[in-house]
Structures are given as structure tokens and as C-alpha cells.
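Q: no sequence on hand, only this structure:
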């Protein structure tokens with residue numbers, strides 16, 4: 001879940017704790033099985049037929065659990081299809097330098113991520129991206145953000161913006177992290193906040209309320225808008241609007 005900020009411009013309906021819960025249940029089940037086989041010779045019947053019957057029962061339970069786990073994983077995955085269109089897959093599909101893409105993705109997975117990452121030469125030391133390429137990508141990114149305003153798409157993802165910027169997701173992420181000192185999530189939201197500030201100061205007919213402003217600025221919920229606005233500006237949208245009345 002720590003890498004969500006490097007891939008999505010939103011967090012609503014993206015929840016990966018179910019994977020952790022599934023893992024915990026599986027670990028617990030295997031611990032129970034280990035304990036069962038360790039204590040089996042010392043409890044209950046210890047005849048060969050009795051042990052075989054109990055062992056068969058345990059393996060039947062394991063089969064049922066495995067089917068249930070696979071079904072649960074599939075259902076939860078279908079409810080969040082974008083989670084599976086990961087940066088890793090997109091980078092490998094789009095990058096002409098597959099080895100560089102793999103190395104960059106492995107480097108990212110092994111490094112600590114945050115909502116406001118610091119530029120780190122160690123993080124991208126194996127990247128094939130040169131300084132001139134980085135500057136070209138940054139220039140193109142700024143042009144796209146200014147002219148096409150993709151941040152107004154509420155479901156914008158890193159691969160979406162990378163396609164518009166004529167680069168690969170892993171290179172674009174590196175440029176945003178190193179050049180702009182932000183995660184993808186914070187970078188996109190910073191533009192949305194600027195849009196919201198304009199609408200709060202000069203409301204349009206369809207942006208009379210704070211919720212209207214949030215929706216017009218491509219936030220998916222009022223709570224997400226308040227959190228992002230308070231983080232960037234230090235005050236709430238209502239307080240900001242009042243200061244201009």
C-alpha cells in the first residue's frame with residue numbers, strides 16, 4: 001500500500017488490507033496444521049487407521065480453504081481492477097529498455113516510499129535515465145499539465161500521464177520524485193488544489209458549495225478534498241474561502 005501514492009492520483013476505493021488479512025489467515029491456518037501434526041501422536045486415537053482418518057480430514061479442510069482463498073482473491077481483485085494494472089506491468093509493456101525498467105522497479109520496491117519522497121541518488125542509481133532525458137520529460141510533463149490539464153480526470157493514474165507525456169511510467173515517476181520532490185499523488189493533487197483555490201475565490205454557477213468545488217477539482221470525495229487542501233495550505237477550504245470574502 002505504500003506505493004499507491006506513486007501510481008494513483010486518488011485513494012478512494014483502493015484498499016489492499018484484504019491481502020494482508022488473507023495472508024494472516026493463511027499463516028494462522030498453516031500454524032494450526034503444524035500444531036495438529038505435532039500433537040496428533042499424543043492425543044486421541046493413535047491407531048494407524050485413526051491417524052489416517054484425521055489426516056484425511058485435515059487435508060480436506062486445506063483443500064476447502066485453498067478454494068475459498070482463491071475465490072476471495074478473485075472477487076476482491078475484480079472489485080479493484082486498476083490495482084492489477086500496475087506500474088510494473090505497464091513499465092515492462094511500454095519500455096524499450098526492459099532491463100532498465102526491471103531494475104528501476106526493483107529499486108523502488110526495495111526503497112522506502114512516502115507521500116513526499118526525497119530525491120535519492122541511491123534509489124535510482126541503476127536507472128538508465130540520463131539528465132538530458134529527465135529534463136526533456138520534465139519539460140513535456142509541464143506542457144501537458146498546463147495545456148491539457150489531465151489532473152482534472154478524477155481517475156488519473158501514472159500510466160495515463162506517462163502516455164500523455166510520451167514516456168514510460170517508471171521514468172515519469174523518477175522525474176517527479178527527483179525533479180519535483182513529490183510523489184505522483186501529491187503532484188497531481190497540488191494542481192487540483194490550485195484549481196480549487198481559484199474556484200473558492202471566484203466561484204462559478206456550478207461551484208457554489210465546497211463539495212461542488214471538490215468535484216469540479218477532480219476529487220472523488222469531500223473528505224479527500226479537505227485532507228489534501230489542509231495538507232497543502234494548512235487551513236480548511238472554508239477558512240481559505242472566508243479569508244477572501
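A: Yep, that arrived. All of these numbers come straight from a predicted model, not from anything done at the bench.
Q: in three-state terms, label residue 127 for me.
A: coil (DSSP: H, G, I helix; E, B strand; the rest coil).
Q: phi, psi of it?
A: Backbone torsions for residue 127, taken as degrees, to the nearest 10, come to phi -70, psi 140.
Q: from residue 27, how far off is it?
A: Look at residue 127 and residue 27: by Cβ to Cβ, to the nearest Å, they are 35 Å apart. Using the backbone N, CA and C atoms, a C-beta is placed for each residue, glycine as well.
Q: so between those two, which is more surrounded?
A: residue 127 (21 against 10; other Cβ atoms under 10 Å).
Q: verify the stated contact: the more buried one with residue 177.
A: No - under the criterion of Cβ atoms under 8 Å, residue 127 is not in contact with residue 177, lying 10.7 Å apart.
Q: which residues of the chain score low on pLDDT?
A: Applying pLDDT under 70 to the chain flags residues 1-22, 33, 35-55, 57-59, 62, 69, 71-122, 245.
Q: please repeat the previous calculation with a cut-off of 90.
A: Under the criterion pLDDT under 90, the flagged ranges of the chain are 1-129, 154-155, 157, 206-208, 220-224, 242-245.
Q: list the buried ones in stretch 237-244?
A: 237, 240-241 (16 or more other Cβ atoms under 10 Å).
Q: which ones among those lie within strands?
A: With DSSP state E as the criterion, strands contain none of those.
Q: among those residues, name the ones in helices.
A: 237, 240-241 (DSSP state H).
Q: make CSV out of those residues and add distance to residue 226.
A: Converted to CSV, these look like this (distance: Cβ to Cβ, whole Å):
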residue, distance to residue 226
237, 7
240, 11
241, 12
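Q: so which residues of this protein form helices?
A: 17-39, 48-79, 81-84, 87-94, 98-110, 131-147, 158-164, 169-179, 184-201, 210-216, 222-233, 237-242.
Q: buried residues in stretch 190-201?
A: 191-193, 195-197, 199-200.
Q: setting aside sequence neighbours, what's the nearest residue to residue 176?
A: Closest residue to residue 176 apart from its sequence neighbours, by Cβ to Cβ, 6 or more residues apart in numbering: residue 187 at 5.3 Å.
Q: ok, residue 178 - how many residues close by?
A: 21.
Q: my understanding was that it contacts residue 134; is that so?
A: Yes - counting by Cβ under 8 Å, residue 178 does reach residue 134; the two are 7.0 Å apart.
Q: against residue 68, how distant is residue 60?
A: Taken as Cβ to Cβ, the span from residue 60 to residue 68 is 13 Å.
Q: same deal with residue 185?
A: Residue 185 is 34 Å from residue 68, by Cβ to Cβ.
Q: more neighbours, these two?
A: Set residue 185 next to residue 68 and count neighbours by other Cβ under 10 Å: residue 185 wins out with 21 against 11.
Q: and the more buried one, how close does it get to residue 25?
A: Counting by Cβ to Cβ, the gap from residue 185 to residue 25 is 30 Å.
Q: hang on, the earlier thing: hmm, residue 177 and the residue nearest to residue 176 touching each other?
A: No - counting by Cβ under 8 Å, residue 187 stays clear of residue 177, with 9.3 Å between them.
Q: for those two, indicate the residue with more neighbours.
A: More crowded of residue 187 and residue 177, by other Cβ under 10 Å: residue 177, with 23 against 20.
Q: how many neighbours does residue 186 have?
A: The number of residues near residue 186, taken as other Cβ under 10 Å, comes to 21.
Q: and it, how far is that from residue 192?
A: Between residue 186 and residue 192 the computed distance is 10 Å (Cβ to Cβ).
Q: show me what contacts residue 131?
A: Residues near residue 131 by Cβ atoms under 8 Å, 6 or more residues apart in numbering: none.
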